[in-house]
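> How does the following fold in three dimensions:
(one chain, ligands or ions: 1)
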Amino acid sequence: MQIVKYRFESHSDERGKLVALEEFRNVPFKIKRVYYMFDTGRGVRRGYHAHRCLEQILVCVHGSCKVLLDNGSEHETVELNDPCEGLYISNDTWREMFDFSPDAVLMVLASELYDEDDYVRDYNDFLKMVKEKQENGGNE
Ligand code: T46
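A predicted model of the protein is given here:
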């Protein structure tokens, strides 16, 4: 499956490094929400859902974690351990986040406000949704 990663420019000088994220410049959508997870317990696995209409970019701004992406026919695991790298996740992608280092801070830029109705939390419903979209030629 195709994995889309963004490489963010880091402004480095003797003081350290700085990365700026800007909608429609180095982020491909309007950023309506930012959230981040940290203090994640050992062995925790989160996510276990897809979204109907949401684009996101995940940046592990500190530490490391892994993300499993599943498009209904293929899956791949990506490690995030670089604050200059963003993992793009489109809707219709099942995701699970795991193997968080104790110091991990996973920041997420999202194209929509929080909406519980946008979540597809049952894996069989997810497969059904993907199949229906494929049958409709990608149109809802
Ligand atoms: C996703 C992955 C990568 C809010 O109130 N507002 C928010 O914007 C979010 C994201 C969550 N919440 C509340 C809802 C739950 O009571 O925070 C709690 C934990 O959320 P959730 O169990 O959905 O977290 P994850 O880690 O399973 O999934 C999150 C995002 O929800 C999801 O959209 O793609 O991170």
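> Run through the residues of the chain sitting next to the ligand.
Contact residues, the chain versus the ligand (CB under 6 Å from any ligand atom): 33, 35, 37, 46-47, 56, 95, 97, 108, 114. All C-beta atoms are positioned from the backbone trio N, CA, C, and that covers glycine.
> can those go into a markdown table with extra columns for distance to residue 127 and secondary structure?
As requested, the residues of the chain next to the ligand are exported to a markdown table (distance: CB to CB, whole Å; DSSP: H, G, I helix; E, B strand; the rest coil):
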| residue | distance to residue 127 | secondary structure |
| --- | --- | --- |
| 33 | 27 | strand |
| 35 | 27 | strand |
| 37 | 26 | strand |
| 46 | 21 | strand |
| 47 | 16 | strand |
| 56 | 21 | strand |
| 95 | 15 | strand |
| 97 | 20 | strand |
| 108 | 24 | strand |
| 114 | 25 | coil |
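> Narrow those to just the buried residues.
For the residues of the chain next to the ligand, a burial check counting by 16 or more other CB atoms under 10 Å picks out 56, 95, 97, 108.
> Which one of these is nearest to residue 3?
Residue 3 has its nearest neighbour among these in residue 95, at 12.1 Å by CB to CB.
> Contacts only, for that closest one.
By CB atoms under 8 Å, 6 or more residues apart in numbering, the residues touching residue 95 are 47, 49-50, 67-70, 89.
> can you do 10 Å?
46-51, 56, 58, 67-70, 87, 89 (CB atoms under 10 Å, 6 or more residues apart in numbering).
> and what of residue 62?
Taking CB under 10 Å, 6+ apart, we find residue 62 in contact with 36, 38, 81, 83, 101, 103-107.
> So which of those residues is surrounded by the most neighbours?
Most neighbours among the contacts of residue 62, by other CB atoms under 10 Å: residue 106, with 23 neighbours.
> Does that residue touch residue 46 like I think?
Yes. Counting by CB atoms under 10 Å, residue 106 touches residue 46, with 9.1 Å between them.
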